[in-house]
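Visitor: Could you work out the structure for the sequence below:
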Amino acid sequence: MTDANSLKYSNNSPYNRYADYLKYIFGKRMQKISIDAGFTCPNIDGTIGNGGCIYCNNNSFNPNYHFEQHNIHKQIDQGISKFTNRKADTGFIAYFQSHTNTYGKVAHLRKLYEEAASHPKIEGLIIATRPDCLDEPILDLIEELNSKYFTGIEIGIESIHNSTLKKLNRGHTFEQTLDTIRRVKERNLHLGGHLILGLPDETPEHILKSAQVLAQLPLDTLKLHQLQIIKNTTLAKIYATQPKKFHLFTLNEYTDLCINFLEHLNPNIVIERFASESKPEFLAVKVWQGVKNHQIADIITNEMNLRSTYQGRLYKV
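Guide: Got it, this is the predicted structure:
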């Protein structure tokens, strides 16, 4: 058990906030700069599957400058230029975001990562990937880079339920996710996870179970995203014909869901975000019009304070 004043990184908040976590590590405010390095995915190119995950359309969250795939420094410059109101001492982390960013030969990965790290304003790397694309030589590389500058890994967990992973055409099991988490943390690397809330046929009970299971894992950070139905995806086609398989949460419902999730979560895990924000033109179904990610975080924070609750209140080892 914990209390509201014993959160590791954010004593002034009812949950551990990502901005506070990065300030704890770097000693100042940090901002992630998204990079599209031209990767594909083994679930798209036929290595383990075709068509990709049924919800996936990478263009829905790619930065506007993704066409500069082969010029990482230019992408970083363009990304930094968007933060015009930042404080003078703000630091930057290169975030390899699009597709599977460890899917390649080690020599090629080294070139891309070191190119990003060599940018004079970049102080660390975060690499997004799949649980089944982190073999030992790649972890050797990331461990080596981490000895020089902060280098973290973010894996797509998406669901702890194998039946859901199969429906999503993920191409891996939750057991593979657990094995990857173990191998990453054996090397003392930063590890973040990504979980989608509201997947087809998953109930609030399934989601609560997810919180209880993830609470026992050595994750440093966690992203929670509400399910979005993106145009031109298999998921959009399923929704069009079988909408009863889905429950698209209202904002109030989602607030309750996230609070319940946080109450059962390990109080040391840092919450990077609660929601995703695809551009309206990509959405096949529009639910929360005009509500920004930071506003959702504020709503959840305010409601937790009203309820006198906090992350880890119901956490049990």
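
Visitor: Not counting its own residues, what contacts the host helix or strand of residue 111?
Guide: Assessed by DSSP states H and E, residue 111 sits inside helix 106-117. With contact meaning Cβ atoms under 8 Å, 6 or more residues apart in numbering, helix 106-117 is reached by 35, 37, 72-73, 76, 94, 96, 102, 122, 124-125, 127, 137-138, 140-141, 145, 148-149, 151. The way it works is simple: take the backbone N, C-alpha and C, and place the C-beta from them, glycine included.

Visitor: count of neighbours near the residue nearest to residue 307 when sequence neighbours are not counted?
Guide: Take residue 307 and drop its neighbours on the chain: the residue closest to it by Cβ to Cβ, 6 or more residues apart in numbering is residue 259, 7.1 Å away. If you count neighbours by other Cβ atoms under 10 Å, residue 259 ends up with 20.

Visitor: my guess is residue 259 contacts residue 303, does it?
Guide: Yes. Here residue 259 reaches residue 303: they are 6.3 Å apart, a contact under Cβ atoms under 8 Å.

Visitor: low-scoring stretches of the stretch 51-200 of the chain, by residue?
Guide: Along the stretch 51-200 of the chain, the model assigns pLDDT under 70 to residues 58-69.

Visitor: go with 50
Guide: Residues of the stretch 51-200 of the chain meeting the criterion pLDDT under 50: 60, 65-66.

Visitor: quick one, strands of it?
Guide: For the stretch 51-200 of the chain, applying DSSP state E, counting those that start in this stretch gives strands covering 91-96, 122-129, 150-158, 190-197.

Visitor: among those strands, which is nearest residue 275?
Guide: Shortest distance between residue 275 and the strands of the stretch 51-200 of the chain, using Cβ to Cβ, is found for strand 190-197: 9.1 Å.

Visitor: centre of the chain versus the closest one, how much separation?
Guide: Taking Cα atoms, centre = their mean, to the nearest Å, one finds strand 190-197 lying 5 Å from the centre of the chain it belongs to.

Visitor: Then stretch 42-54?
Guide: The answer for stretch 42-54 is 20 Å, by Cα atoms, centre = their mean.

Visitor: Show me the contact partners of it.
Guide: With Cβ under 8 Å, 6+ apart, stretch 42-54 has contacts from 41, 99-100, 103, 130, 132-133, 158, 167-172, 233-235, 238.

Visitor: start to end distance for that stretch?
Guide: Terminal residues of stretch 42-54 lie 14 Å apart, using Cα to Cα, to the nearest Å.

Visitor: Which positions in that stretch come out as buried?
Guide: 42-44, 48-49, 52-54 (16 or more other Cβ atoms under 10 Å).

Visitor: same check, this time on stretch 168-187
Guide: Neighbour counts over stretch 168-187 (16+ other Cβ under 10 Å) mark 168-172, 174, 176-177, 180-181, 184-185 as buried.

Visitor: Can you show me the CA trace of that stretch as CSV?
Guide: Below are the C-alpha coordinates for stretch 168-187, written out as CSV (Å, rounded to 0.1, in the frame of the first residue of the first chain):
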residue,chain,number,x,y,z
LEU,A,168,-5.9,-7.8,-33.3
ASN,A,169,-3.5,-9.8,-35.6
ARG,A,170,-0.6,-8.8,-33.3
GLY,A,171,1.4,-11.9,-34.2
HIS,A,172,2.8,-12.4,-30.7
THR,A,173,1.5,-13.6,-27.3
PHE,A,174,1.5,-12.0,-23.9
GLU,A,175,4.0,-14.7,-22.8
GLN,A,176,6.4,-13.2,-25.4
THR,A,177,5.8,-9.8,-23.9
LEU,A,178,6.6,-11.1,-20.4
ASP,A,179,9.8,-12.7,-21.6
THR,A,180,10.9,-9.5,-23.4
ILE,A,181,10.2,-7.4,-20.2
ARG,A,182,12.3,-9.8,-18.2
ARG,A,183,15.3,-9.6,-20.6
VAL,A,184,15.1,-5.8,-21.0
LYS,A,185,15.1,-5.3,-17.2
GLU,A,186,17.9,-7.8,-16.6
ARG,A,187,20.0,-5.1,-18.4
